[in-house]
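A.B. asks: Let's see this in three dimensions:
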Amino acid sequence: MYGDEAEQWWMEIPALVQYLDGHSKFSLDQTAWEHKLLEFLRKTLGRSKEGGWSQELSQELGRQMGSYASASVEKAFLCKALGTALAMGKDVAAVTGQLRELLCMADYLNGAETECLGSCLQLCARDQLDATLRALGDFEEEMAEREDSWHLSLCKGLAPWERDTVKSALLLFYSRAAAQAPPQQLLPRLEDEIVPQILHHYSTSSQALGLNARQMVTSSECDPSVSPRA
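C.D. replies: Below you'll find the predicted structure:
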């Protein structure tokens, strides 16, 4: 890993340090700095010939996320770093499994955590649209299997309006994934996989939560820390 990267790091790391040296903590644009770090991570993992390193990093980032409060800047960045690392993974099944675990363990009554997970899925979908949609589909199947008994494993004992919050989150997740996915991969899947799910979750949510979901999706279509695809 390090041998593959040494030559590039000699150029890229000093450029990052120079950028920091040119700013104080008051003048540093946090969004621009995060974007530079995520692009550095993306390029590093993209050049690596060791696919396992990306998987190990993803697992470690997932563990580190548990050390920070949901609304913290640190956790928000770790979510984006995790999405970037998962996007560059070579093992699609492992990527799908980790995304599914994140979806099942999330606290959907916590808006900051939902937003964090949305950022992760958006960045992952940039290079792993199949894994992202598969994880969302698996999560929805688990919800459907348990919905009749009102005992969802991830939110046992929640009232119906609280389950609507999960549906609103899924609206956000599908929209985020579609916003960042490669057009050539996205277009064939819009009609059969993405749009039907968005319409389903919208139609089965309460009217108030449907309005809230539209606002969430609209406000997050262009996350400033995520650059648009070329």
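A.B. asks: Domain ranges for this protein, per the record?
C.D. replies: The chain is divided into the following domains under automatic domain parsing: 1-49, 51-220.
A.B. asks: quick one: the spatially most central residue of the chain from Lys25, how far?
C.D. replies: The chain has Cys120 as the residue nearest its centroid, 1.5 Å off, counting by Cα atoms, centre = their mean. Per Cβ to Cβ, to the nearest Å, Cys120 is found 26 Å from Lys25. For every residue, glycine as well, the C-beta is placed using N, CA and C.
A.B. asks: what kind of secondary structure is Tyr68 in?
C.D. replies: Following DSSP: H, G, I helix; E, B strand; the rest coil, Tyr68 is assigned to coil.
A.B. asks: Oops, could you answer that again for Arg189 instead?
C.D. replies: Arg189 - assigned by three-state DSSP - is helix.
A.B. asks: what about it, how many neighbours?
C.D. replies: Per other Cβ atoms under 10 Å, the neighbour tally for Arg189 reads 16.
A.B. asks: I figured it hits Leu136, correct?
C.D. replies: No. Using Cβ atoms under 8 Å as the test, Arg189 is too far from Leu136 to be in contact (11.8 Å).
A.B. asks: Please tell me how far the residue lying closest to Gln8 once chain neighbours are set aside sits from Gln55.
C.D. replies: Once flanking residues are discounted, Gln8 sits nearest to Arg47: 6.6 Å by Cβ to Cβ, 6 or more residues apart in numbering. According to Cβ to Cβ, Arg47 and Gln55 sit 16 Å apart.
A.B. asks: neighbour count winner among those two?
C.D. replies: Between Arg47 and Gln55, Gln55 has the larger neighbour count (other Cβ under 10 Å), namely 19 against 13.
A.B. asks: picking that back up, please read off the pLDDT at the residue nearest to the centre of the chain from the model.
C.D. replies: Cys120 is assigned 97 on the pLDDT scale.
A.B. asks: separation between it and Leu103?
C.D. replies: Per Cβ to Cβ, Cys120 is found 10 Å from Leu103.
A.B. asks: Do I have it right that Asp127 meets Ala85?
C.D. replies: No. In this structure Asp127 lies outside contact range of Ala85 using Cβ under 8 Å: 10.7 Å.
A.B. asks: Looking at the domains of the chain, which one is packed in the most?
C.D. replies: domain 51-220 (a mean of 18; mean count of other Cβ atoms under 10 Å).
A.B. asks: State the pLDDT value of Ala15.
C.D. replies: 92.
A.B. asks: my bad, should have said Leu158
C.D. replies: 53.
A.B. asks: For Leu103, which residues are in contact?
C.D. replies: Residues in contact with Leu103 (Cβ atoms under 8 Å, 6 or more residues apart in numbering) are 117, 135-136, 139, 154.
A.B. asks: Let's see that with 6 Å instead.
C.D. replies: By Cβ atoms under 6 Å, 6 or more residues apart in numbering, the residues touching Leu103 are Phe139.
A.B. asks: cool, and the one 10 residues further on?
C.D. replies: Taking Cβ under 6 Å, 6+ apart, we find Glu113 in contact with 70, 106-107.
A.B. asks: How is Ser24 assigned, secondary-structure-wise?
C.D. replies: coil.
A.B. asks: For it, what are phi and psi?
C.D. replies: Backbone geometry at Ser24, expressed as degrees, to the nearest 10, gives phi -100, psi 180.
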